[in-house]
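**Student:** return a 3D structure for these sequence lines:
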Amino acid sequence: MLGTNDYKKNNAKNLNELKKGMDELLNIVSSKTKYLLIISAILLNDHIEILDSEYDHNSYLLSKAGYKVYNALARKYNALYLDAKAFAKAGADGEHLEEEGHIKLANKLIPIIEVLAN
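**Tutor:** Okay, here's the model as predicted:
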């Protein structure tokens, strides 16, 4: 799963940088595994820069749009794809899954893992 660390202000500055880094990673791992599953990160709190100084408002904007990059890369590498922000949200710290989000994520992953394991 892609974490919200990818959106920190000292990491990717824009969607192109986000795509470049993930594309490089997928290029390496795609030849070493039978299946790829990309889970894009949740949406950051819209005032994340107040909660954590490692983020800025651009981090929030990247978290809103990052799924497009990861979805496109999933298609490129024939990977399975889940958009975590579609079913989970950030907890009180604005950047990590809330407890219910962990449960929802697990429930989404169980059938995928069961199919891939057989």
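**Student:** quick check on residue 37: phi, psi?
**Tutor:** Torsion angles at residue 37 (phi, psi; degrees, to the nearest 10) stand at phi -130, psi 120.
**Student:** what ranges do the strands span in this protein?
**Tutor:** For the chain, the strands defined by DSSP state E occupy 37-40, 80-83.
**Student:** nearest to residue 31, out of those strands?
**Tutor:** strand 37-40 (16.0 Å; Cβ to Cβ). Backbone N, C-alpha and C define where each C-beta goes, glycine included.
**Student:** strands paired with that closest one, and their directions?
**Tutor:** strand 80-83 (parallel) (DSSP bridges).
**Student:** go through the partner strand and flag the buried ones.
**Tutor:** Using 16 or more other Cβ atoms under 10 Å as the test for burial, strand 80-83 gives 81-83.
**Student:** neighbours around residue 62, how many?
**Tutor:** 26 (other Cβ atoms under 10 Å).
**Student:** does it touch residue 15 like I think?
**Tutor:** Yes: counting by Cβ atoms under 8 Å, residue 62 touches residue 15, with 7.0 Å between them.
**Student:** give the residues shared as contacts by these two.
**Tutor:** Counting by Cβ atoms under 8 Å, 6 or more residues apart in numbering, residue 62 and residue 15 have no contacts in common.
**Student:** isn't residue 69 up against residue 18?
**Tutor:** Yes: between residue 69 and residue 18 there is a contact at 5.2 Å, judged by Cβ under 8 Å.
**Student:** make TSV out of the buried residues of strand 80-83 and add distance to residue 112.
**Tutor:** As requested, those are arranged in TSV below (distance: Cβ to Cβ, whole Å):
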residue	distance to residue 112
81	10
82	8
83	14
